[in-house]
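1. task: produce atomic coordinates for the following.
(2 chains)
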Amino acid sequence: MQIERRLPRIAVQGLTGCAGELLVILENLGSVLPFVQVASFPFAQSKNDLSDIDIAFVEGSVSQKHDIDSIKEIRARSKWLVAVGNCAVHGCVQSSTCSRYKAKELVEAVYAKDSPIEALDAKPLSSYVNVDVELSGCPIDKNQFLAVLASLLKDHLPYIIDRPVCLECKMRENGCVLIEKNLPCLGPVTAAGCGALCPSFEAACYGCFGPCKDPQLNAMATVLSEKGYNLSDILVRLGTFGIPEQVLSNLDVKR
Amino acid sequence: MSNDKEETTKHIIEIPEITRVEGHSAIHVEIKNGEVQNVMLDVFEGTRFFEKIVVGHKYDEIPHITSRVCAICSTGHVLASSFAIEKIFDIRCDEITNTFRKIMHLGMFIESHSTHIYALALPDFLGARDLLDFGSKFKTEFADWTLLRNLGTAIQSIIGGRPFHPVNLHVGGLSHIPAKDKLEALLAELKMAKPVALKTCELLLKFNPPVERTTKPLFMALIPEDGAYGFFGNKVRSSNGFESDIQNYKEYLAEQAVNYSHAKRSTGQGSALFVGAMARLNLFGNLLQGDASAIYKSSPMAQGDNNSIWNNLAQSIEIVHAIDESIILIEKILARYLEAKSLNASHVRVQAGTATGAVECPRGTLYHHYELDTAGTILVADMVTPSAQNSWRIEMDIKEAVMQSSDIHSEQLQNNLETLVRAYDPCNTCATHMVSISYLEV
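-> Alright, predicted model coming up:
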């Protein structure tokens, strides 16, 4: 008797975002297809079945009511839910920390009061549902994505580095663009995973993977302030890719 | 009685989500007494307010923030915003920096066009059911897509740092000059990919449009700046002879908000515009060189066939152009590599001002407009994306296709409508960036 092996079913779904993670996953399909069945991936195929999902990868943030319905449905139908990309993990540039406006303010300023178009403050998935794995990045690193998938296919929670970019930067033996070139590098407070990409291109890290674990924001802001950067500009810069607003408003910067 | 009954004959065609496009959109068509009453392309991607997000940020952050409007054309957003800001600061980048930017931009075209053609549009013509079907039954096409796409991502990774959301392109120039051996490796890869690009054109030439076109579209594109086929410029031309400087874009692109969609709709002097690869070929195809020129001249487009489906073929011709042009430009840099290596990014002298920058993106003309204060902080921002410019034209095409159809309930018509929409390569993540919607009654 032959028992047919069922391939694990994955779903790749997008809420509100730039489709970057969908693109990373699409571009790495060749490595993935032998091991999984792509049950749903509306960006890339027309026949989709969002039932009995083993692993769901969801990009984008929750920015409208339609997104809330989608993420709840995906959560209910999936064994593992992986938030992929800065939007899904932190809210990215769409979040009110980057724009410094509430969605309500934007809508009232821009749409008529009776507009049927709804907009919510862009929030990460974890604001609405339980998320099993959070893989940040803008975009996500393809090797990290493949490692997460490989772990989950073995029913293991993956290891995702939460140390700062500086660690990877030192390992690449780059010169320090913050100390040596006085660039506003956010590497000390940003999660690694990119391989210290910007400093390797002699540029300042701008924080696109979101905050690392226990980011030392007071020290970061103090160093930049000592280098002559205006404190309010520093706070705007820090808030761009996912450091929460309430954390920034409570900073105690030595001047 | 029967007359009354006839008058109330009403059908609605609904496609709740168009798959294989970027972002989320739907089609609603209302038909009454056999006449199409209403066509709505509903972009229901969440609104993203980019024009408001960037206000209060410093000029050097803007390319990196606006790149997040759209992954697949992020290089275009980075360059359009840099061009606008450099105009305000009166910076003119040196020739080598401009050459690197052009190669980077061509890399985006190769990546974006090949992904659209193979992964999003082609399954309609091949009859691939899903991704597994595409990967296993159409191994050659899957391999060709992989090769071309990898070429586009390699160009953007070597010059920009990664396949999209580049880290090496800044206001004023590059922060790092790519290594010589990596540029040489790119040359070899480009030459290897050329036959695959030619094969892609041949493949697309074979697929006849499933629906006919009855009206003539109004094409618009940037006039290439140096007299050769290209994607940078400061003036536009449209197929009715209209020309203008891009700084007047608000006058000739009257943007309208529609109450059924999160995307604004642009008009070209009051008419439905068609921007993108087909528009560029229609207006400037005579500037193409070599193989790209020969294929274009032998295509139905050069004979005046304006069917939107040929936009897929137009994209494949642009891949051929992008490969040939990248080879020429990389050779130019390699010949002056020592000079390139000693380059520093232009010194940025911050000053207040207002300016507009534009580039031709894979899907059409992209405009970025900024007003900065004396500290280089953004006061006002505006962007007009290609997909917003094409949406009215798409709706008109849908109407034409429905009118031609003998059976409006058929699955075939629904498939044809989706194929038609996909040919425009619409990017709904781009289209819903906007903030300045003034609400109109329809």
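2. mean confidence for whichever strand or helix holds A:Asp233?
-> Element membership for A:Asp233 (DSSP states H and E) is helix A:231-238. Per-region confidence: helix A:231-238 scores 93 on mean pLDDT.
3. and chain B, is whatever helix or strand comes next after that helix touching that?
-> The helix or strand immediately downstream of helix A:231-238 is helix A:245-249, counting by DSSP H and E. No - figure legend: helix A:245-249 not in contact with chain B (C-beta under 8 Å from any C-beta of the partner chain); closest approach 13.6 Å. Every C-beta, even on glycine, is put in place using the N, C-alpha and C of the backbone.
4. and for stretch A:182-200?
-> Yes - interface with chain B: stretch A:182-200 contributes A:197-198, A:200 (C-beta under 8 Å from any C-beta).
5. end to end, how far does that stretch reach?
-> From its first residue to its last, stretch A:182-200 covers 15 Å (C-alpha to C-alpha, to the nearest Å).
6. residue closest to the middle of the chain?
-> With no chain named, the answer covers chain A. Centroid-nearest residue in chain A: A:Asn86, 1.5 Å away (criterion: C-alpha atoms, centre = their mean).
7. other chain: chain B
-> Using C-alpha atoms, centre = their mean, the residue of chain B that lies closest to the mean C-alpha position is B:Arg363, 1.5 Å off.
8. for the residue nearest to the centre of chain A, give its distance to A:Val93.
-> Distance of A:Asn86 to A:Val93, given as C-beta to C-beta, to the nearest Å: 8 Å.
9. who touches both of the two?
-> Common neighbours of A:Asn86 and A:Val93, using C-beta atoms under 8 Å, 6 or more residues apart in numbering or on different chains, are A:Phe241.
10. so for stretch A:182-200, what gets flagged as buried?
-> Buried residues in stretch A:182-200, defined by neighbour count with 16 or more other C-beta atoms under 10 Å in any protein chain shown: A:183-194, A:196-200.
11. same deal with stretch A:224-231?
-> Buried-residue list, stretch A:224-231, by 16+ other C-beta under 10 Å: A:224-225, A:229.
12. so for it, first residue to last residue, what's the gap.
-> 8 Å.
13. same check on stretch A:94-101?
-> End-to-end distance of stretch A:94-101: 10 Å, with C-alpha to C-alpha as the criterion.
14. ok, stretch A:186-203 next?
-> Its start and end residues considered, stretch A:186-203 measures 11 Å (C-alpha to C-alpha).
15. one more: stretch A:53-64?
-> In stretch A:53-64, first residue to last residue: 24 Å (C-alpha to C-alpha).
16. need phi/psi at the residue nearest to the centre of chain B.
-> phi -100, psi 0 (degrees, to the nearest 10).
17. shaky segments in the stretch 151-255 of chain A?
-> The model of the stretch 151-255 of chain A has pLDDT under 70 over residues A:254-255.
18. one step back: export the residues of stretch A:182-200 next to chain B to a markdown table and tack on secondary structure?
-> Below are the residues of stretch A:182-200 next to chain B laid out as a markdown table (DSSP: H, G, I helix; E, B strand; the rest coil):
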| residue | secondary structure |
| --- | --- |
| A:Leu197 | helix |
| A:Cys198 | helix |
| A:Ser200 | helix |
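19. what's the closest of those residues to B:Gly160?
-> Nearest to B:Gly160 out of the residues of stretch A:182-200 next to chain B is A:Leu197 (C-beta to C-beta; 10.1 Å).
20. list the contacts for the closest one?
-> Counted by C-beta under 8 Å, 6+ apart, A:Leu197 has contacts A:205, B:161-162, B:167.
21. look up how far A:Glu245 lies from it.
-> As judged by C-beta to C-beta, A:Leu197 and A:Glu245 stand 26 Å apart.
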